[in-house]
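Student: Need a 3D model of the sequence below.
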Amino acid sequence: DIFRHSHTIQPRIPSVVDAGGTLVAFAEARRGSCKSGPPTCTCSRGSYAIVTARSTSAGRTWSAPQVVAGSTTDGTMGCVNYPGAVHDARTNTTVLQFVHSQHLYGGACRVRQLTSTSQGRTFSHPYRCLDGVVPYAPTGAIQLRSGRLLFCGDGQTWWSDDHGASYRNSSGRIGPDCAPGIGCGFLDGECSIAELASGDVLVSFRHQPNASVPRRVEALSSDRGETFSGWRYDMQLPSPGIQAALASTASGRLVFGGPNFAYEQHPNNSKKVAKSPSACPQGRCHYRLHSAPSPTSLPVQWSDSLSVYQGGAGYSWITPVSSSSPDTELLGIAFERGYDQAPDNVSFALVEVSRASMKSDDEPELVLVPAGKTVMGTSDTTPLKGGVALPGREFGDYDEHPQHSATTAAFYIGRTEVTNAQYEKFDPA
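Tutor: Presented below is the predicted three-dimensional model:
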């Protein structure tokens, strides 16, 4: 795990970048809600800080979290939310942007920026205000091959062609408020972006709670993210109603990551709803990657998929990671892990992706063991005679008394034993 849940702090909304061989991760540190927080807190999300951690071992170990914006105990600067990071490979600078919620209503500055030229050891201060950029949702962020830093959020994009020194924005929404066959309000929220092998930019928005079709909405840009066209549903990808993640590898493979679940027809109307296992009522389960080899147009033909984590999973971020093998590419994934809408931790997975395929023969098959009650221990209280059970009596050890009922939460278990090949992939040493 990168960030762990405590009694007072809950990590949410991760972001991660490869800063020249060092992984730098970010997340919200939510502390309860504003109702129980300082009276000066003006947002409803209860996030007082953005925290960061570093890994120089490809994600195997992480440094202790450090606060880079806000405070986990003092809400006087307002709440800070939604970290979105990108590493500028041309200047070796990590750029972090986040929403400053204290200025959400009538304030002059909603988005602020920090930078690090030390692979996340230290960050610039004070926070820089980005005038005219006004999202209030988790954002997407990438560096295009041209060097442009491109961000998206709440129906707009903003970009920098001078390595974060100045920004321009789309001066409004990058798509219509309503579109034929899609409906209205599909740009009001969270997005992810990626650059295709063709140079076009793909943007993908989560579906909204009132959407007539619970599917992600996407479009392409041929001008490096300034305008978009061809809005359509993606009928192949799962749409769990969260941001999800997009990334492109050096070979041009497009990768989408997020919780994976099916749809079923609602009995009362024609609207499709999430079909989720009982252990995951919000549909945020089973983190899975989907990939398409070098797409150049819409619709994207998603051909391969790979299970990353079986269990509760939520918001995530994917970053390409440097690989020493010419035949494989590495993806670093920071994702929320835990059931429902209260994940326990922000975890990390490093996934090897073949340039030819993303399928894995070593992927174990897991089955769900539902929650339930069981009886533990024994009711036989006859003393042992000389430490040996009396003939004809079933007798347990001393720690098996008294017999009691225990409740077990739902969990996943392998259908078969772990093979040597699977274990070696987990721990090559």
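Student: Could you list the low-pLDDT ranges of the stretch 201-350 of the chain?
Tutor: The model of the stretch 201-350 of the chain has pLDDT under 70 over residues 208-213, 261-283, 339-343.
Student: pretty sure Arg301 is in a helix, no?
Tutor: Just to correct that, residue 301 is Gln rather than Arg. No - with DSSP: H, G, I helix; E, B strand; the rest coil as the criterion, Gln301 is assigned coil and is not in a helix.
Student: Find the nearest non-adjacent residue to Phe335, please.
Tutor: Ser316 (3.7 Å; CB to CB, 6 or more residues apart in numbering). Every residue, glycine included, has its C-beta placed from N, CA and C.
Student: Surely that neighbour touches Ala245?
Tutor: Yes - assessed by CB atoms under 8 Å, Ser316 is found in contact with Ala245 at 4.7 Å.
Student: Now for those two: what residues contact both?
Tutor: Both Ser316 and Ala245 are in contact with 257-258, 333, where contact means CB atoms under 8 Å, 6 or more residues apart in numbering.
Student: Got a quick PyMOL command for the buried subset of these?
Tutor: In PyMOL syntax, the buried subset of these is picked out as below (16 or more other CB atoms under 10 Å):
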select buried, resi 257+258+333
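Student: so how far is the lengthiest strand in the chain off the chain centroid?
Tutor: The single longest strand within the chain, with elements called by DSSP state E, is strand 304-321. For strand 304-321, the gap between its own C-alpha mean and the chain's C-alpha mean amounts to 7 Å (CA atoms, centre = their mean, to the nearest Å).
Student: Could you list the buried residues of it?
Tutor: 304-306, 308-321.
Student: What is the next helix or strand after it packed up against?
Tutor: Sequence-wise, the next helix or strand downstream of strand 304-321 (DSSP states H and E) is strand 328-337. Here strand 328-337 touches strand 10-19, strand 22-30, strand 254-259, strand 285-292, strand 304-321, strand 345-354, going by 3 or more CB pairs under 8 Å, 6 or more residues apart in numbering; DSSP states H and E.
Student: Can you check which of those strands gets nearest to Val95?
Tutor: Nearest of the helices and strands packed on strand 328-337 to Val95, taken as CB to CB: strand 10-19 at 8.8 Å.
Student: Leaving out chain neighbours, which residue sits closest to Gly20?
Tutor: The shortest distance from Gly20 to any non-neighbouring residue, by CB to CB, 6+ apart, is to Asn92 (5.5 Å).
Student: for the stretch 101-250 of the chain, what spans make up the strands?
Tutor: Here the stretch 101-250 of the chain has its strands, by DSSP state E, counting those that start in this stretch, at 111-116, 128-129, 140-143, 149-153, 156-160, 168-169, 178-179, 183-184, 191-195, 201-205, 217-221, 229-233, 245-248.
Student: With distance to Ala292 as extra columns, can I get those strands in a markdown table?
Tutor: What follows is the strands of the stretch 101-250 of the chain, written out as a markdown table (distance: least, CB to CB, whole Å):
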| stretch | distance to Ala292 |
| --- | --- |
| strand 111-116 | 31 |
| strand 128-129 | 36 |
| strand 140-143 | 17 |
| strand 149-153 | 20 |
| strand 156-160 | 22 |
| strand 168-169 | 29 |
| strand 178-179 | 23 |
| strand 183-184 | 26 |
| strand 191-195 | 11 |
| strand 201-205 | 10 |
| strand 217-221 | 12 |
| strand 229-233 | 15 |
| strand 245-248 | 10 |
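Student: Tell me which of those sits nearest to Leu350.
Tutor: Per CB to CB, nearest to Leu350 of the strands of the stretch 101-250 of the chain: strand 245-248, 13.4 Å.
Student: list the helices and strands that closest one packs on?
Tutor: Partner elements for strand 245-248 (3+ CB pairs under 8 Å, 6+ apart): strand 191-195, strand 254-259, strand 304-321.
Student: Turn the helices and strands packed on strand 328-337 into CSV, columns for distance to Tyr167.
Tutor: Below are those laid out as CSV (distance: least, CB to CB, whole Å):
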stretch, distance to Tyr167
strand 10-19, 18
strand 22-30, 19
strand 254-259, 26
strand 285-292, 30
strand 304-321, 21
strand 345-354, 28
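Student: Let me see the mean pLDDT of whatever helix or strand Gln97 lives in.
Tutor: Take DSSP H and E as the rule and Gln97 turns out to sit in strand 93-100. Averaging pLDDT along strand 93-100 gives 92.
Student: Please give me every residue in contact with the closest residue in space to Ala349 that isn't next to it in sequence.
Tutor: Nearest residue to Ala349 in three dimensions, chain neighbours excluded: Ile333, at 4.6 Å (CB to CB, 6+ apart). The contact partners of Ile333, by CB under 8 Å, 6+ apart, come to 16, 245, 257, 287, 289, 308, 316-318, 348-351.
Student: any idea what sits nearest Ser55, other than its immediate chain neighbours?
Tutor: Nearest residue to Ser55 in three dimensions, chain neighbours excluded: Leu23, at 4.3 Å (CB to CB, 6+ apart).
Student: my guess is that neighbour contacts Ser63, does it?
Tutor: No - the criterion here is CB under 8 Å, and Leu23 misses it with Ser63 at 10.2 Å.
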